[in-house]
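coords please:
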Amino acid sequence: MLNVIALAVLPALILIFYTYQQDKMQREPVKMIAKGFGWGCLSVFCSFFISVPSMHLGLFPDGINSFWDAFRTAFFGAAIPEETAKLFCLWMFLRKNPYFDERMDGIVYAVCVGMGFAAFENVEYLFAAGTDWVTTGIGRSLTAIPGHFGFAVLMGYYYSLNHFDKYRAPMAGLKMWLYPVLAHGIYDTVAMMASVTPQLSGAITIAILLFCFQMVKWARQSMKKHLIADASDYGMGGGMDIQG
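Residues are numbered from 1 along each chain as shown. Below you'll find the predicted structure:
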């Protein structure tokens, strides 16, 4: 049992630590990192308040038999409820957080929330996999966990823009929800298509890995942009490098 939990949670903790290490200016207290992770675990339950009514309203089906089914399930069953819940929990966590005083902090805390969600979800998947828990765990550590990491950085990047630079990025308040939803929905649509077209499962796996690689690459670029902007505020860097 402990081995299953360790394999499920360790990839998420590694990405939290990586993000924490990138915060060069003023790192957040460890207790706040832990709280952010806890809010992420809570967001799993919050997402049910959207996904369950959506299913009863017929916004997505019980099974996936076509591309349209995969698309609806990906967005209405996963992306919209999950990213909305994560954003709500991030807002609840940061609205009175005195340590949220730099742009990079938004990414750090969003990653904590996103990885809390991903770790909790991963535990469920690995226990459900039974004797295949090792294979499932390794597969998800290469796909789902990096995917949630990328979605979280997207959310945190625009959350910070909306908080610190709203005048320069007036649409950031919408983008901090919309862009993670779109990225998550696209990812899940492609992944769910494997059950509709199993003959393309190999190509779909490659597409998912490339997608996750690009998300992580974009995440690193986003961190760099916010770090440059924060350094500028401290008088340690050049001009602002912020894109909305």
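
before we move on, what SS does residue 166 have?
coil (DSSP: H, G, I helix; E, B strand; the rest coil).

so it makes contact with residue 175?
No. Residue 166 lies out of contact with residue 175 (C-beta atoms under 8 Å); the separation is 11.6 Å. Every residue, glycine included, has its C-beta placed from N, CA and C.

where along this protein do the helices fall?
Applying DSSP state H to the chain gives helices spanning 2-22, 30-56, 67-72, 80-94, 103-128, 133-142, 144-164, 172-192, 201-233.

which residues of the protein score low on pLDDT?
201, 235-244 (pLDDT under 70).

before we move on, back to that, residue 166 and residue 175: which has the busier surroundings?
residue 175 (19 against 13; other C-beta atoms under 10 Å).

Quickly note the distance from that one to residue 139.
Going from residue 175 to residue 139 by C-beta to C-beta, to the nearest Å gives 30 Å.

try residue 210
From residue 210 to residue 139 the distance is 15 Å (C-beta to C-beta).

now do residue 182
24 Å.

go on, residue 229?
Taking C-beta to C-beta, one finds residue 229 at 36 Å from residue 139.

quick one, which of these two is more surrounded?
residue 229 (22 against 15).

is it true that the more buried one touches residue 103?
Yes. Counting by C-beta under 8 Å, residue 229 does reach residue 103; the two are 5.3 Å apart.

Need the residues touching each of those two.
residue 165 (C-beta atoms under 8 Å, 6 or more residues apart in numbering).

could I get stretch 32-45 in CSV with only the CA atoms?
Extracted in CSV, the C-alpha atoms of stretch 32-45 (Å, rounded to 0.1, in the frame of the first residue of the first chain):
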residue,chain,number,x,y,z
MET,A,32,2.6,27.5,2.7
ILE,A,33,3.8,25.0,0.1
ALA,A,34,2.2,22.2,2.1
LYS,A,35,-1.0,24.2,2.5
GLY,A,36,-1.1,24.7,-1.3
PHE,A,37,-0.7,21.0,-1.8
GLY,A,38,-3.6,20.4,0.6
TRP,A,39,-5.8,22.8,-1.2
GLY,A,40,-5.0,20.9,-4.4
CYS,A,41,-6.2,17.6,-2.8
LEU,A,42,-9.4,19.4,-1.7
SER,A,43,-10.0,20.6,-5.3
VAL,A,44,-10.6,17.0,-6.3
PHE,A,45,-13.8,17.0,-4.3
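
Pull out the buried residues from that stretch.
32, 33, 35, 36, 37, 39, 40, 41, 42, 43, 44 (16 or more other C-beta atoms under 10 Å).

With that, I have no additional questions.
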